[in-house]
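> curious how this folds, go ahead:
(chains A and B)
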Amino acid sequence: MIWLTWRQFRLQAAVVAGVLIALGILLALNGSHLVHLYDTSVATCGHHNDCPSVTQNFESQAKWDHVLNGLVLVTPALIGVFWGAPLVARELETRTNWLAWTQSVTRTKWLVIKLAVVGVASILAAGLISLMVTWWASPYDRLLGMPYNVFDQRDLVPIAYALFAFALGVAAGALIRKTLPAMAVTLVGFTAVRIAFAQWVRQRIFTPVHTTGVFTLTPTSFHITPGGFGSRDWLISEEVVTSTGRIVGYNGGIGPNGATNFSNTSNGVVSLTGIGRCPNKFPSLRPAGSTSELQAAEGRCINSFHLHTIVTYLPSSRYWALQWSEAAIFVIGAVMLLALSIWWVRKRIA
Amino acid sequence: MTRASKHYSSSPFGRILDSHVVTLILEATKLGKRYRHKWALSDCTLSIPEGHVVGIVGPNGSGKSTLLNLAAGLLAPSSGKLNVLGGPPARDAIVLGRVGFVAQDPPVFSSLSVNDHLRFGAHLNRRWDTALAEHRIEDVGLDPKQRAGKLSGGQRAQLALILAIAKHPELLLLDEPVASLDPLARREFLQVLMETVAEGQVTIVLSSHLVSDIERVCDYLIVLADSRVQVASQVEELLSSHHRLIGARCDPHDYPANQAVIDSSHTDRQSNLIVRSDGPVLGESWTIEPVSLEDLVLAYMTRGRHPGSHPRNDREVGA
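Below you'll find the model as predicted:
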């Protein structure tokens, strides 16, 4: 049975292996160049006082970043669509499953071995791509210093996504029994699950940390960052609240989108949408006051309301815990889908 | 009718069973298979003794494929019970290895070569006769390097048959094996089949919608119509127990007393009956003629197409 699975799969396996080897050579050459460049320029720029120029140079050298991140993002979907969905569906469509099921092999064994061979290949392919890109991008990621921005394109989670997409493809193929519709369902289903997870689930896996700071408005900055929160952390939300605790703004501003909605009237009254009014804060400036004076007056107005910013974030120290947890959830999902496929092929395909 | 019913409930087949002369290789009890709301096979009760070449004949849609797919374990019954080799079909790898199956319009791996198919058979079976398989491939003139997707329908059927016989099955199931073959390919296929029978202990069950296709190879016949078994018996028994009676036109109450009338047709002057009888035909007014297997099968198929007008199967004849 392993022979048959391999005989049916070997062409695709060879093509993907070829692509991976080519990509590996390319990234090894370019990646070692980037590591060297980083160590000799960016890492030591503080001593030479040339940080802006060497950083810019380094960023221009790491120009494959977007393409490679995209590759890691789409690899699991491709595995699900092209390896998972046809695995059972193509056999059912051409009835070649009958050929195998009427030899001396039970359908359970037939499916389990197919799943094992192609599933392991999926894990290997996604793992190698993730490993290569993670290594290649490591100096650039260090420079950017925001690990959560590339969370789903690095390290473990792409492997778990690939296994999940593969399992989803197999299940869709077994249930739908037609290759093309199964491929479409796999693509749409996997994309939907990934987006939904990133949108609503990931930030709920661990209890985030909250920290509060005084919200102030100065001509140069809309708000101050409360203590404890760093740029390497994952900023989940930034709410602005009044002294009574009412939320008046999200994303670090006033209103829903981070803006501050002033209205300055000709009699010198400043009103802040949803918060209140500052009467006659700068009557003498209206209507011909300078911009900076106007901003200063607005700042005084805002500061008089004693607003606070509540920052909710996940510390960078949680990065690996989150990687393992998200990977585990997708692997559990994959196992459930594979179990469903096996049960379905055993009992429901007649 | 009482005597007749006694005859049929202890049909030749039943007597063989009672004396334990043969073992049953396939046994169905009230077997049924439903697809959504439509019954493809219902209330099918039959026994196939070991060592025969069994033809299942019936019109298209009578449930032949369903019955064979059930026996191969590709379908699960919706009702009733089916035993193959003494237990549920395809219950484990060993039983699978003892049953060969050639599907209607048999599937092949289109991107694999003929030779790859033989290696597939060798890898997926405990018992595999490489020499036999290669010999047969050579005999029927298949090119081992040819991709199976490029084979003709006849060549595909040959390849599927060779895959099924090289595992030396005890039961070989063939679903409409010759339907899609031209006359020459049909003859070659049946030739290979007969050689298989001659070589070893194998029970063959093959289906066809035309009895003339398989008449030459079968020694046991099951007529399936309206998804029910109309008759199941050895060909010799069928031919010796069925007669064509020709006589002056008469009504059903004038039919001979100890006969079961399977089919009747009438002209203005004549009545033409096909009857089943184990004893001598009573009624001197009838001319008795032998009946051909084809006519006999047609008579049972006709009966099956008019459920209600006649008893539906042997067991119900006297009821």
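> which parts of the stretch 201-319 of chain B are strands?
According to DSSP state E, counting those that start in this stretch, the stretch 201-319 of chain B carries its strands in the segments B:203-208, B:220-225, B:228-234, B:242-248, B:260-266, B:270-276, B:287-290.
> ok, B:Q158 - contacts?
B:V140, B:L142, B:A185, B:E188, B:F189, B:V192 (Cβ atoms under 8 Å, 6 or more residues apart in numbering or on different chains). Every residue, glycine included, has its C-beta placed from N, CA and C.
> so of these, which ones are in strands?
The strands, defined by DSSP state E, take in nothing from the contacts of B:Q158.
> so A:V133 is in contact with A:D155, correct?
No - A:V133 is beyond contact range of A:D155, at 10.0 Å (criterion: Cβ atoms under 8 Å).
> what about these two, which has more around it?
Each of A:V133 and A:D155 has its neighbours counted (other Cβ atoms under 10 Å in any protein chain shown); A:V133 has more, 26 against 19.
> what about that one, which SS state?
Three-state call for A:V133 (DSSP: H, G, I helix; E, B strand; the rest coil): helix.
> ok, A:G119 next?
When classified by three-state DSSP, A:G119 comes out as helix.
> do a quick rundown of the helices in the stretch 251-350 of chain A.
Secondary structure of the stretch 251-350 of chain A (DSSP state H, counting those that start in this stretch): helices located at A:291-304, A:319-343.
> comparing those helices, which yields the minimum mean pLDDT?
Among the helices of the stretch 251-350 of chain A, helix A:291-304 carries the lowest mean pLDDT, a mean of 73.
> what packs against that one?
Judged by 3 or more Cβ pairs under 8 Å, 6 or more residues apart in numbering or on different chains; DSSP states H and E, helix A:291-304 is in contact with strand A:262-264, strand A:270-272, strand A:276-278.
> so how far is A:C51 from B:G141?
79 Å (Cβ to Cβ, to the nearest Å).
> same thing with A:A297?
In terms of Cβ to Cβ, A:A297 sits 37 Å off from A:C51.
> and the spatially most central residue of chain B, its phi and psi?
Closest residue to the average C-alpha location of chain B: B:I56 at 1.9 Å, with Cα atoms, centre = their mean. Phi and psi for B:I56, reported as degrees, to the nearest 10, are phi -100, psi 120.
> tell me the contacts of it?
B:K64, B:L67, B:L68, B:V205, B:L206, B:S207, B:S208, B:I222, B:L224.
> just the pLDDT at it, thanks.
In this prediction, B:I56 has a pLDDT value of 93.
> leaving out chain neighbours, which residue sits closest to it?
Leaving aside its sequence neighbours, B:I56 sits nearest to B:S207 (Cβ to Cβ, 6 or more residues apart in numbering or on different chains; 4.2 Å).
> again, but for B:L31
B:G80 (3.9 Å).
> number of nearby residues for the one you found?
Look at B:G80: counted by other Cβ under 10 Å, it has 17 neighbours.
> now do A:A174
25.
> test my guess that it contacts A:A339.
No - using Cβ under 8 Å, A:A174 makes no contact with A:A339, being 11.6 Å away.
> enumerate the residues of chain A near chain B.
A:1, A:3-4, A:7-8, A:94-96, A:98-106, A:109, A:347, A:350 (Cβ under 8 Å from any Cβ of the partner chain).
> sorry, back to before: who has more neighbours, A:A297 and A:C51?
A:A297 (20 against 14).
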